[in-house]
Each structure stands twice: as structure tokens, then as C-alpha cells.
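Engineer: What would the 3D arrangement of this be:
(chains A and B)
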Amino acid sequence: MRKILLGVLMALATTASAQQLDLSSLDRLADKAESKTEITLDEATLNSTTALLSEKKGTEAVARKAVEGLKGLFLRSYEFEKPGSFKLEDLKPLMDQLKAPNWTPILRAKEQDEQTEIWAHRTNGVIDGMVLIAAEEDEVTVINAIGLTRIEDLSKLRDFGMPGIGFGGRD
Amino acid sequence: MNRFEHDLRESLKRREPPADFADMVLARTRVSESRTKPWHWQWMAAAAMVVVLVGGGFMVQEQRREARRQASEEQKKEELLVALRITGSKLRLVQERLSAIQQRTIQLQVEQ
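Structural biologist: Residues are numbered from 1 along each chain as shown, chains lettered A, B, ... in the order given. You can find the predicted model right below:
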């Protein structure tokens, strides 16, 4: 009985962590980048911080809706001074992780030195995580959002910060 | 004996005190004692002061703790909002890039 329980727990842990990509391969790029943005919001941080947000105050209420269902948000964005400081091959360790059977591409666009991809992670056929990769010769952005079930959920995050949507100060 | 000596003798002549003189003196002494030795009031005042000081100290400490907690919560919220704004701006950039690719693809198809 204990072995079965342990097996179930391990399977759950594997499923939960499978949606989260190992972004450590991007650390090498951080050293070369002229400017970098790194956001790490795990489930515990998101839960504890979201609970502090007001349901009525404008910006906070919008943020609350934007992160609804989100179980983790990991962003890495690097900009390089010289074109060529970054190559698409640098993303190989990351792309290799997406070869796992639970990951399926939603969108793949590649043009010369530009690459844009959106991948969805499915558990039992249901989307429960997404990865967005946008790379060009002088900039690369990787966003790993865990817990998102629909592509439309990305738009809630996208719209946050636009004038009039979650852009106010402490309203 | 002249008049002056007579008045002096009269003034210094021994007089018996009134009958309740001793009671009056004792009564005055008790009043005086109770006025000069209010030891229990002093202790009570000191104790009250200690209570006020300790209570005040706790209140100030509690207020500071609450202020620190609120500041920490505000900082966490602000960090989350900033993180979401950055994520939003990056997603918008990606969308713009995709729109540009889409437009170029359509143009190519039209040209062909």
C-alpha cells in the first residue's frame, strides 16, 4: 500500500514538475546580455501574493484575474548589444526538453534569425502549462506559464500593463 | 510690683490644658501620619506606571511589527504587479512579431 501511495505521489510530482522547464541553460546567456529580466514566481509565491491582492481595487483586481489558475510563472529575457552574441543553437537544451511526449507545439514561426514558438503541456489530454519562446539575433525571451489551460489565458497576461489595464499605480 | 511685672506673671502663669487636649493631639497625629506616609498609594502609582510603560512598549512594538508586515505585503504586491507588467509587455512584443510575420506571409502569397 505504501509503495502504491509513494508511486502515486512520485507520478504527481513528476507531472507537476514536467510543466516547469529547466531554464538554467539560459544562465550562460545572462552573462553575455546587455540587459536581462528574470522573473521567478513559483506556486507558493503566487498563492501567498495573490491572496494579498484586493478584489475591488482596480489594478489589483485585474492582476488577480490575470493570474487566476496560474501555478507558476518563469520569465527570462535577455537583450544583447551586438547581434550574433546569441545563436538559436543556444536554445537547444531548452528545446530538447520540449521533445517530451506531453509537450505539443501550438505555434512555430521561424524566419532567418528569428524564431517564435508556443508550446502547450498536456496532462491526460488537458493543457496545464505553456511555454513561449521568442528569439532573434539580439534578444531572446522565454516565458514558462504553469497552470494555464487555454491560449486565451495568455492574453489576460498580455493585456496586463497596457494603458488602462493594470497600469495604474495604487488605485 | 508694678503693672508690667503683673502682666508678665499673668502671661507665664501655668494653665491646665482642656480635658480633651490629649485626644485632640492624638487625632491630629493620626491625620498627620496618614498624610505623610501614603505608602500604598505610592506603590500603586509605581505599579500603574510600570503597567503603562510596559503596555505602551508592547503597543509601540506591535504597531512597528504591523507597519513592517504591511510594508512587506505592499512590496510583495508591487513586485507581482511589476512582474505581470513585464510579462505583459513581452507577450505584446511577441504578438507584434507574429503579426509582422503573418503580414509578410500574406504579402508573399499575394505577390506569388
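Engineer: drop to CA atoms for contacts and neighbour counts, all remaining ones
Structural biologist: OK.
Engineer: Output the below-cut-off pLDDT ranges for chain A.
Structural biologist: Along chain A, the parts satisfying pLDDT under 70 run over A:1-17, A:161-171.
Engineer: same question, chain B
Structural biologist: Within chain B, the stretches falling below the threshold (pLDDT under 70) are B:1, B:32-38, B:112.
Engineer: need the residues of it near chain A, please.
Structural biologist: With the criterion set to C-alpha under 8 Å from any C-alpha of the partner chain, chain B comes near chain A through B:73, B:76-77, B:80-81, B:83-92, B:94, B:98, B:101.
Engineer: Could you list the buried residues of the helix or strand containing residue A:153?
Structural biologist: With elements delineated by DSSP states H and E, residue A:153 resides in helix A:151-159, which encompasses its position. Neighbour counts over helix A:151-159 (16 or more other C-alpha atoms under 10 Å in any protein chain shown) mark A:153-154, A:156-159 as buried.
Engineer: now for that helix, which elements pack on it?
Structural biologist: The criterion is 3 or more C-alpha pairs under 8 Å, 6 or more residues apart in numbering or on different chains; DSSP states H and E, and the helices and strands that helix A:151-159 contacts are helix A:58-66, helix B:39-111.
Engineer: Minimum distance to residue A:132: which of the ones you listed has it?
Structural biologist: helix B:39-111 (8.6 Å; C-alpha to C-alpha).
Engineer: so how far is that closest one off the chain centroid?
Structural biologist: Offset of helix B:39-111 from its chain centre (C-alpha atoms, centre = their mean, to the nearest Å): 27 Å.
Engineer: now stretch A:143-162
Structural biologist: When distances are taken as C-alpha atoms, centre = their mean, stretch A:143-162 is centred 9 Å away from the chain's centroid.
Engineer: And the contacts of that stretch?
Structural biologist: A:19-21, A:62-63, A:65-67, A:69-76, A:126-133, A:165-167, B:84-92 (C-alpha atoms under 8 Å, 6 or more residues apart in numbering or on different chains).
Engineer: Next, residue A:92: secondary structure please.
Structural biologist: Secondary structure of residue A:92, reduced to three states by DSSP: H, G, I helix; E, B strand; the rest coil: helix.
Engineer: what about the strands in chain A?
Structural biologist: Secondary structure of chain A (DSSP state E): strands located at A:35-41, A:72-79, A:103-111, A:114-123, A:126-136, A:139-146.
Engineer: by how many degrees do the third one and helix B:39-111 diverge?
Structural biologist: On the basis of axes from the mean of the first three to the mean of the last three C-alpha atoms, to 10 degrees, strand A:103-111 is oriented at 60 degrees to helix B:39-111.
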